[in-house]
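> Just need the structure, nothing else, for what follows:
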Amino acid sequence: MSGKNDLLAEEHLGLVRSCCKRFSGKGIEYEELYAAGCLGLTKAVNRFDESMGCRFSTYAFPVIMGEIKRLFRDGGSVKVSRSLRELALKINRLNNDNRLKNGCDLTVSQLSKILGESPETIMEAIACTRPSVSLNESDSEGEERCIDLPSPDIQYEITERLSLYQALSNLEEKDRKIIDLRYFKSKTQTQTAKLLNMTQVQISRREKKILTTLRALIV
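The predicted structure follows:
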């Protein structure tokens with residue numbers, strides 16, 4: 001994965017988290033959903049072509065969702081090489097140490113530099129730690145029952161979009177441009193800063209304030 005693709009992946013980890021929330025409480029731990037989502041993100045980054053005429057987030061969403069749903073379809077039974085398992089253990093140890101020191105996990109880029117592995121391999125190692133889950137399981141009386149596969153609530157999604165667009169209409173024009181460039185056109189903070197004649201630091205600070213405002217308006 002190139003440096004550009006690595007950056008693209010890290011900028012869209014929020015999309016992975018958003019997809020995982022749709023499956024919360026459906027029988028698989030969040031960490032496993034997140035690992036599958038990261039694998040989907042990696043595949044989307046590697047396959048995406050700007051000539052497709054769509055935003056990366058639009059292309060990546062169904063790929064990420066597909067990998068998460070695969071956990072339910074395949075029961076999480078994926079053959080993993082020994083080298084990937086060993087790498088996953090190293091990643092877990094490094095993240096545990098970093099959480100104790102800094103309160104957060106290391107980024108894919110940081111893990112890649114520390115371990116000397118490509119970002120793609122790092123994300124595959126993270127994904128391989130997910131456990132097996134069966135679509136059929138027995139209840140307390142031994143009766144077999146099926147786990148329902150969750151599907152997106154279209155009505156809820158439409159309501160969310162309408163609320164978002166209404167909130168965006170209440171922002172100042174420059175703030176709307178920042179959100180449009182960052183989240184609708186998938187521009188980096190540096191690219192957005194150049195287009196709006198601002199610094200990356202200014203964009204970062206302003207973006208945080210805008211997101212806080214949007215959350216308050218949508219709630």
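
> Would you quantify the distance from Arg55 to Arg206?
22 Å (CB to CB, to the nearest Å). C-betas here are computed from N, CA, C, even on glycine.

> who has more neighbours, these two?
Arg206 (18 against 15; other CB atoms under 10 Å).

> Double-check that one against Lys177; I have them as touching.
No. Counting by CB atoms under 8 Å, Arg206 does not reach Lys177; the two are 10.6 Å apart.

> Which residue ranges of this protein form helices?
Under the criterion DSSP state H, the chain contains helices at 3-11, 13-21, 30-47, 56-74, 82-102, 108-115, 119-127, 154-169, 173-179, 189-195, 200-218.

> Please point out which parts of the first one sit buried.
Residues of helix 3-11 classed as buried: Asp6, Leu7, Leu8, Ala9, Glu11 (neighbour count, 16 or more other CB atoms under 10 Å).

> Now the helices of the chain in CSV, please, with extra columns for mean pLDDT.
Listed next are the helices of the chain as CSV, based on pLDDT from 0 to 100:
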stretch, mean pLDDT
helix 3-11, 78
helix 13-21, 87
helix 30-47, 86
helix 56-74, 83
helix 82-102, 83
helix 108-115, 87
helix 119-127, 77
helix 154-169, 62
helix 173-179, 90
helix 189-195, 92
helix 200-218, 86
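
> So which of those helices has the densest surroundings on average?
Among these, helix 119-127 has the highest mean neighbour count (mean count of other CB atoms under 10 Å), at a mean of 23.

> That helix packs against which elements?
Packing partners of helix 119-127 (3 or more CB pairs under 8 Å, 6 or more residues apart in numbering; DSSP states H and E): helix 3-11, helix 30-47, helix 82-102, helix 108-115.

> got the CA coordinates for it in CSV?
Taking C-alpha atoms only, helix 119-127 is exported to CSV below (Å, rounded to 0.1, in the frame of the first residue of the first chain):
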residue,chain,number,x,y,z
PRO,A,119,0.1,-1.1,6.3
GLU,A,120,-1.9,-3.7,4.4
THR,A,121,-0.2,-6.5,6.2
ILE,A,122,-0.8,-4.7,9.6
MET,A,123,-4.5,-4.4,8.8
GLU,A,124,-4.7,-8.1,7.7
ALA,A,125,-3.1,-9.1,11.0
ILE,A,126,-5.6,-7.0,13.0
ALA,A,127,-8.4,-8.6,11.1
